[in-house]
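S.K.: Sequence plus the predicted model coming up.
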Amino acid sequence: MIQRPKYLNALIRAMGNGFPKVITGIRRCGKSYLLKNVFVSYLRDQGVSDEEILSIDLDDDRNAGLRNPVSLGETVRAWAKGKDRAFVFLDEIQKVNTVRNPAYTGGEIVVLPQKDKNRDDAISFVDVVLGLSRESNIDLYVTGSNSKMLSTDVATEFRDKATTIEMAPLSFEEYAAFRGGSSYENLQDYIVYGGMPLAVLKDDEEEKKTYLKNLFETTYLKDIIERYGIEKTGTLEELANVLSASAGSLVNVQKIAATIDSKKKEKVSAPTIDRWLLALKDAFLVKEARRYDIKGRREIGALRKYYFADVGLRNARLDFAFSDEGQMLENVLYNELIYHGFSVSVGTFDYFGKDAENKTIRKDAEIDFYAKKGTRRLYIQVCADLSSPSTREREIRPFLALDDSVQKVLVLARPAKAALDENGFLVIGAPEFLLRFLREEY
């Protein structure tokens, strides 16, 4: 069994809190598996019997009748009646239709289109989830995906009425725990194929590639096209290509629009790119890292970096044709920092230095990541190798220009025990950084 300790612990902490537990996240990241395998195993270990657990797969044709929200509510309440405790799992909740209140239709079930979901006489999956969670003996857990359960929808529909748990694909920590063996060899596989659970379970490399490419094309892009009614699907695909190729590089919407125009010979406006970027973020496919002025202590500018929720999906979009190991590792580190609860920005600042003529001028500097968690503050530079003097000089230059107490870390794409260099900067191999340093073992 693939263990998901972070998310299991989140479910355990939320047990019996009176709110529905809504598990969201990118499709195929293991939400159903978390509930029906990992969490159920925990419940059984705690003495919960199978008679106290009800799991309904709403994407199963045998449960098609329960896609009527009224029938679903009645069925669950009837099952839970008389039980001291009842754990209820509703999987793929977005399959539940929005209907008119039968009180206004003489008992007839009238399914409403998505555009009418906010009518005063509408009953949707949100009403069922909130209603069932108010039953004193029901502890309710819900998963959902596709265009009806994107991140903004969950925030809007449930607001402060639910405990939301956002899942991601397997972190490297989870991946390494499942695979065992050499942490460095695991990292080499992970930065290519990522942590989508079904890809991890495949042994054949070509099968992994085919699965990831199809998943991107037929699942994620299809959902976004459905949700936003996008007609220029080729342009959306080109946007995905641009983001994949530029992961870890600063971009802005005007530059993206110009790039797409030059490749597709099709005009697309900056506001349109903005909307589509929001769609990709809402689908949990990419995350945005903003620039943070370290000295001015504020977010600045229109430039952003975009990282994929799974580096394997990013590589699949490029047909696994890549050569920049540092770029792939940077995407992995970003995701792992988020997984461990850090807030992450692109660090930037101005400083005074010398030009070629030894004149003092103002210069701009950038740090790959400025990460914060509680009292911890980290400046992080990611590099494939430091053996070249010019590479080393480039990577440590921003650190030398910052005279503060924030810990400065150089992460290498190879095994290396943690050590301080002559400047007091921590130099550490990526496996050590990902598996031990982030767990505050330093």
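M.R.: On my side now, so go ahead. Given the structure is predicted, the values throughout are model-derived calculations rather than measurements.
S.K.: Now do the buried residues in the longest strand seen in the chain.
M.R.: Of all segments of type strand in the chain, defined using DSSP state E, the longest is strand 360-373. Along strand 360-373, the positions that meet the burial threshold by neighbour count (16 or more other CB atoms under 10 Å) are 365, 367-372. (Each C-beta comes from the backbone N, C-alpha and C, glycine too.)
S.K.: likewise stretch 47-62?
M.R.: In terms of neighbour count (16+ other CB under 10 Å), stretch 47-62 has its buried residues at 52-54, 56-58.
S.K.: sec struct for the residue located most distally from the centre of the chain, please.
M.R.: Note on the chain: the largest C-alpha distance from the chain mean falls to E357, namely 46.9 Å (CA atoms, centre = their mean). E357 falls in the coil class when you classify it by DSSP: H, G, I helix; E, B strand; the rest coil.
S.K.: Could you report the separation of it from K222?
M.R.: The span separating E357 from K222 equals 57 Å under the rule CB to CB, to the nearest Å.
S.K.: coming back round to it: single out whichever of the buried residues of strand 360-373 has the smallest pLDDT.
M.R.: Per-residue confidence across the buried residues of strand 360-373 is lowest for A365, with 88 (pLDDT).
S.K.: Count the residues that sit near the closest residue to that residue other than its chain neighbours.
M.R.: The spatially closest residue to A365, leaving aside those adjacent along the chain, is P398, at 4.3 Å (CB to CB, 6 or more residues apart in numbering). Other residues near P398 number 21, with proximity taken as other CB atoms under 10 Å.
S.K.: Check Q327 too.
M.R.: Neighbours of Q327 (other CB under 10 Å): 19.
S.K.: which ones are touching it?
M.R.: Listed by CB atoms under 8 Å, 6 or more residues apart in numbering, the contact partners of Q327 are 247-248.
S.K.: before we move on, back to that, and which of the buried residues of strand 360-373 is nearest to G107?
M.R.: G107 lies nearest to K372 out of those, by CB to CB, at 55.9 Å.
S.K.: so who does that closest one touch?
M.R.: By CB under 8 Å, 6+ apart, the contact list for K372 reads 342-343, 378.
S.K.: Quick check: buried residues in stretch 305-322?
M.R.: 305-317, 322.
S.K.: for the record, mean pLDDT for that stretch?
M.R.: Averaging pLDDT along stretch 305-322 yields 93.
S.K.: chain center to that stretch: distance?
M.R.: The chain centre lies 13 Å from the centre of stretch 305-322; the measure is CA atoms, centre = their mean, to the nearest Å.
S.K.: Can I get the strand or helix carrying I191 as PDB, trimmed to CA atoms?
M.R.: Assigned by DSSP states H and E, I191 belongs to helix 183-193. These are the backbone C-alpha positions of helix 183-193, laid out as PDB (Å, rounded to 0.1, in the frame of the first residue of the first chain):
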ATOM      1  CA  SER A 183      17.500   7.800  -2.600                       C
ATOM      2  CA  TYR A 184      19.600   9.100  -5.400                       C
ATOM      3  CA  GLU A 185      18.400   6.500  -7.900                       C
ATOM      4  CA  ASN A 186      14.900   7.200  -6.800                       C
ATOM      5  CA  LEU A 187      15.400  10.900  -7.400                       C
ATOM      6  CA  GLN A 188      16.700  10.300 -10.900                       C
ATOM      7  CA  ASP A 189      13.500   8.400 -11.700                       C
ATOM      8  CA  TYR A 190      11.300  10.900  -9.900                       C
ATOM      9  CA  ILE A 191      12.500  14.000 -11.700                       C
ATOM     10  CA  VAL A 192      11.600  12.300 -15.000                       C
ATOM     11  CA  TYR A 193       8.300  10.500 -14.200                       C
END
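S.K.: ok, D127 - how many residues close by?
M.R.: Around D127 sit 18 other residues, with neighbours defined as other CB under 10 Å.
S.K.: Could you list which of the buried residues of stretch 305-322 belong to strands?
M.R.: For the buried residues of stretch 305-322, membership in strands holds for 305-308, with DSSP E as the criterion.
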